[in-house]
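Colleague: Provided below are the primary sequence and the corresponding predicted coordinates.
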Amino acid sequence: MEHIHGSDGSPSSSQQNPKSTAKWAASLENLLEDPEGVKRFREFLKKEFSEENVLFWLACEDFKKTQDKKQMQEKAKEIYMTFLSSKASSQVNVEGQSRLNEKILEEPHPLMFQKLQDQIFNLMKYDSYSRFLKSDLFLKHKRTEEEEEDATDAQTAAKRASRIYNT
């Protein structure tokens, strides 16, 4: 199936993959790879007061792709201050966060947050993700998709019928 991509490389909304909810329901990985999925999951987590988990996970993903040493230091510090420090504004609940010494921020490496990121991933996977799949937010989106698909099927059938009768 061909996807039309917007200028930012994401699929344009007019060509939304008709069954994105099915992909989201298949795995948390699929959900987190889809910008629309992330948006919906964040809406849900906001209601649960745990949006910082997905924000931390996304920040770590972005951090791993950072090549420039200076940028890596800045991002590491930002992640630490935002999510891990005892004074963090959006503190994530991970074991061993106190053991992440601030000194490590001086010599950052791409996988320095990996263990913590994995903990948060599992926390989301076994906790909020399963609730997300039962939430009104998800189910409403799923229904909308199914209705759109039914409408498309009906149009296709109508077109086929009109072609048959117009010969």
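Modeller: On my side now, so go ahead.
Colleague: low-scoring stretches of the protein, by residue?
Modeller: Filtered on pLDDT under 70, the chain yields the residue ranges 1-18, 96-99, 161, 164-167.
Colleague: what are the boundaries of the helices in it?
Modeller: Per DSSP state H, the chain has helices spanning 20-26, 28-33, 35-47, 51-64, 69-79, 114-123, 129-134, 136-165. These are given in chain order.
Colleague: just those: most buried one?
Modeller: By mean neighbour count, with neighbours taken as mean count of other Cβ atoms under 10 Å, helix 51-64 ranks first of the helices of the chain at a mean of 19. Yep, even glycine has a C-beta here, placed from its N, CA and C like the rest.
Colleague: relative to helix 114-123, how tilted is that helix?
Modeller: For the pair helix 51-64 and helix 114-123, the angle between their directions (axes from the mean of the first three to the mean of the last three Cα atoms, to 10 degrees) equals 140 degrees.
Colleague: please save the CA atoms from helix 51-64 in CSV.
Modeller: The C-alpha coordinates for helix 51-64 follow below in CSV (Å, rounded to 0.1, in the frame of the first residue of the first chain):
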residue,chain,number,x,y,z
GLU,A,51,2.4,11.8,30.6
GLU,A,52,6.0,12.3,31.9
ASN,A,53,6.6,8.5,31.1
VAL,A,54,6.0,8.8,27.4
LEU,A,55,7.8,12.2,27.3
PHE,A,56,10.8,10.7,29.0
TRP,A,57,10.8,7.7,26.6
LEU,A,58,10.6,10.0,23.6
ALA,A,59,13.4,12.2,25.0
CYS,A,60,15.6,9.1,25.4
GLU,A,61,14.9,8.0,21.8
ASP,A,62,15.8,11.4,20.6
PHE,A,63,18.9,11.4,22.8
LYS,A,64,20.2,8.1,21.3
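Colleague: quick one: distance of that helix to the chain centre.
Modeller: For helix 51-64, the distance from its own C-alpha centre to the chain's C-alpha centre is 9 Å (Cα atoms, centre = their mean, to the nearest Å).
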